[in-house]
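# what shape does this take:
(one chain, ligands or ions: 1)
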Amino acid sequence: MVGVKPTDQQYPQGLVGFILCAYPAPRTLPHRRQLREYEFVCATEQMRSQWMNAIRQALQGHPIQPQQAVRPRHLQVLVNPKGGRRQAKQVFQSIQPILEDAHCQVSILETQGGEGTIQAVRDFDLSAIDGFVVVGGDGTVYELINGLMTHGDAEVAIAKPIGIIPAGTGNGLGKTILDLSQETYDPSNAAFIIAKGQYQPINLGVVKQDGKEYYSILSLAWALISDIDIKSNKLRFLKFLGSLRSDLYAFLSILALRSYRGRISFLPAPDWPPSPDTPQPDLLAEPQPADIETSTASAWQVLEGEFIALWVMNVAWATHSVLAAPHARLADGYMDVLIIRKGITRWRLLTAFLKIATGEHLLIPEMEYYKVRCLHLEPLSSEGLLAVDGEQIKYRSVEMNVLANHAQVFCR
Ligand SMILES: Nc1ncnc2c1ncn2[C@@H]1O[C@H](COP(=O)(O)OP(=O)(O)OP(=O)(O)O)[C@@H](O)[C@H]1O
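Okay, here's the model as predicted:
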């Protein structure tokens, strides 16, 4: 009786009956309406199971095919345990669930560095790989690209999309991709882009020197820039500095400023610089073949003299905090070139350095900016450094050409 409101016929008589009826039923015990709903659910459940049995009988001899399972994407992951703050393994563990939730299966390779990594990439069985993921910095991407381009089946290898989880020091390519995908600079956002699975073409640079070829996805640097890139590696043991390492070295190099003699020849884009009326281009739009053909028709330019810096950029961001080439597009068939000649004051250079995170360094008149199809550098100073994607190459004449839309990166 307690907890279930009695019907009229069941009302007990007198004072006891009045108290029992006025006393509200405890919520934990079923109310009569709830009981009726329960009975209804039981009845419909019974009907449902009867219908299902009827359908099963009708379909006997006509088994239903199980739904085709979505094939998981197989990603070959390259983790550089020595990149950046040496946190790449932990970074990958933290984002792995994002890839797994997106039906990605991963195989992990810990890189050895240099030729060891390039050879390991050449040995990959491509039939089992849908894409690559680099957990490291631009140096590891460079090794991956060079391994793919010299793979026995290079055409198939370089067509596989590449994703970047930034775990190096600079991570210029990772930052460029995150920026184009309108995501903030963070490993989980980078994993999210890979999980989404969309990819875009990207130019590659081919650097030729002494009959050898190197493939670049980021940059060719000479003078002040390569000095900072290569010499700041000496401070790598100061792990806590992270990317501040190159900022510190840049500041010291500007104080002890020196110039380098050389000859820079290049084939500029015919429509550069654009007139102020030209609408802003879509940064991911593929180039029209006509754009590339007309560029070869334009005349070579030759600059000879003393230079402070040469930076040939394939993408916009040189590091996650250096927007060196704000006009660079992923697949426009051009490289963006920043040249600083001797004559700029230390103060102006320092101002440019402080503004480079937003691309406003280009407002300083001494910054010369070109878009080029190919470039030839002949260093005329006896000593100096040259770097491709932050990796040192021999200090002698070098040529760089664009391979338009040659690789693919997970982006957007
Ligand atoms: N197991 C390893 N031991 C020693 N060096 C390695 C190993 N694996 C990779 N390397 C080297 O580490 C160097 C740096 O790699 P990476 O570019 O990934 O990081 P980073 O230099 O910190 O980042 P960024 O290039 O973006 O500034 C590369 O030259 C690579 O050859």
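
# any weak-confidence spans in the stretch 101-250 of the chain?
Residue ranges of the stretch 101-250 of the chain with pLDDT under 70: none are present.

# may I have stretch 332-349 exported as PDB, CA atoms only?
What follows is stretch 332-349, C-alpha atoms only, in PDB (Å, rounded to 0.1, in the frame of the first residue of the first chain):
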ATOM      1  CA  ASP A 332      52.100  28.000 -56.900                       C
ATOM      2  CA  GLY A 333      55.200  26.700 -58.700                       C
ATOM      3  CA  TYR A 334      57.400  29.400 -57.200                       C
ATOM      4  CA  MET A 335      59.900  29.900 -54.400                       C
ATOM      5  CA  ASP A 336      59.800  33.100 -52.400                       C
ATOM      6  CA  VAL A 337      63.200  34.800 -52.000                       C
ATOM      7  CA  LEU A 338      64.300  37.200 -49.300                       C
ATOM      8  CA  ILE A 339      67.500  39.100 -50.000                       C
ATOM      9  CA  ILE A 340      69.300  41.600 -47.700                       C
ATOM     10  CA  ARG A 341      72.300  43.400 -49.100                       C
ATOM     11  CA  LYS A 342      75.200  45.000 -47.300                       C
ATOM     12  CA  GLY A 343      74.400  48.500 -46.100                       C
ATOM     13  CA  ILE A 344      71.500  47.800 -43.700                       C
ATOM     14  CA  THR A 345      72.200  49.100 -40.200                       C
ATOM     15  CA  ARG A 346      72.200  46.700 -37.200                       C
ATOM     16  CA  TRP A 347      69.300  48.600 -35.800                       C
ATOM     17  CA  ARG A 348      67.100  48.100 -38.900                       C
ATOM     18  CA  LEU A 349      68.100  44.500 -39.000                       C
END
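
# what's the closest non-adjacent residue to the residue in the chain positioned nearest to the ligand?
Closest residue of the chain to the ligand, C-beta to the nearest ligand atom: Gly137 (2.0 Å). (Each C-beta comes from the backbone N, C-alpha and C, glycine too.) Closest residue to Gly137 in three dimensions, ignoring its sequence neighbours and counting by C-beta to C-beta, 6 or more residues apart in numbering: Gly168, at 1.6 Å.

# what's near enough to touch that neighbour?
80, 83-84, 88, 136-140, 174 (C-beta atoms under 8 Å, 6 or more residues apart in numbering).

# which SSE is it in?
When secondary structure is defined by DSSP states H and E, Gly168 falls outside every helix and strand.

# please apply the same query to Tyr142.
In this assignment (DSSP H and E), Tyr142 forms part of helix 138-149.

# which parts of the stretch 301-412 of the chain are helices?
Ranges of helices in the stretch 301-412 of the chain, per DSSP state H, counting those that start in this stretch, are 346-355.

# thinking again about what came up before, surely the residue of the chain closest to the ligand touches Val79?
No - between Gly137 and Val79 there is no contact under C-beta atoms under 8 Å: 11.6 Å.

# please identify which of these two sits among more neighbours.
The neighbour comparison of Gly137 against Val79 (other C-beta atoms under 10 Å) goes to Gly137, with 29 against 21.

# what separation do you get for the more buried one and Tyr334?
Distance of Gly137 to Tyr334, given as C-beta to C-beta, to the nearest Å: 25 Å.

# same check on Met367?
Applying C-beta to C-beta, the value for Met367 to Tyr334 is 18 Å.

# also Thr111?
Thr111 is 31 Å from Tyr334, by C-beta to C-beta.

# enumerate the residues of the stretch 301-412 of the chain near the ligand.
Residues of the stretch 301-412 of the chain lying close to the ligand (C-beta under 6 Å from any ligand atom) are 390-391.

# in the stretch 301-412 of the chain, which spans are strands?
Assignment of strands within the stretch 301-412 of the chain using DSSP state E, counting those that start in this stretch yields the ranges 301-313, 335-341, 368-379, 386-388, 391-393, 398-410.

# reformat these as CSV; add mean neighbour count, mean pLDDT and distance to Thr358.
CSV is the format used below for the strands of the stretch 301-412 of the chain (neighbours: other C-beta atoms under 10 Å; pLDDT from 0 to 100; distance: least, C-beta to C-beta, whole Å):
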stretch, mean neighbour count, mean pLDDT, distance to Thr358
strand 301-313, 19, 98, 16
strand 335-341, 22, 98, 15
strand 368-379, 20, 97, 15
strand 386-388, 23, 97, 24
strand 391-393, 17, 95, 27
strand 398-410, 21, 97, 24
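
# what sits closest to Val79 if chain neighbours are left out?
Leaving out its chain neighbours, the residue that sits closest to Val79 by C-beta to C-beta, 6+ apart is Val135, at 4.5 Å.

# spit out the contact partners of that neighbour.
Residues in contact with Val135 (C-beta under 8 Å, 6+ apart) are 77-80, 83, 88-89, 91-92, 165, 167.

# same thing with Gly172?
If you count contacts by C-beta under 8 Å, 6+ apart, then Gly172 has 138, 218-219, 315, 317-320, 322 around it.

# can we see that at 10 Å?
With contacts defined as C-beta atoms under 10 Å, 6 or more residues apart in numbering, Gly172 is in contact with 137-138, 141, 164, 166, 217-219, 313-325, 389-390.

# that one and Ile98, how far apart?
Remark: distance between Gly172 and Ile98 (C-beta to C-beta) = 23 Å.

# need the residues of this protein near the ligand, please.
Counting by C-beta under 6 Å from any ligand atom, the residues of the chain close to the ligand are 80-84, 111-114, 136-140, 143, 168-171, 390-391.

# repeat that for 8 Å
Counting by C-beta under 8 Å from any ligand atom, the positions of the chain adjacent to the ligand are 80-84, 88, 110-114, 116-117, 134, 136-143, 166-172, 174, 233, 236, 243, 246, 319, 389-391.

# just the buried ones out of those, please.
Buried residues within those, counting neighbours by 16 or more other C-beta atoms under 10 Å: 80, 82-84, 88, 111, 117, 134, 136-143, 166-172, 174, 233, 243, 246, 319, 389-391.

# secondary structure class of the residue nearest to Val79, three-state.
Put simply, Val135 is strand when judged by DSSP: H, G, I helix; E, B strand; the rest coil.

# from Asn401, how far out is it?
30 Å.

# can you check Thr319 too?
Applying C-beta to C-beta, the value for Thr319 to Asn401 is 24 Å.

# that concludes my questions; thank you for your assistance.
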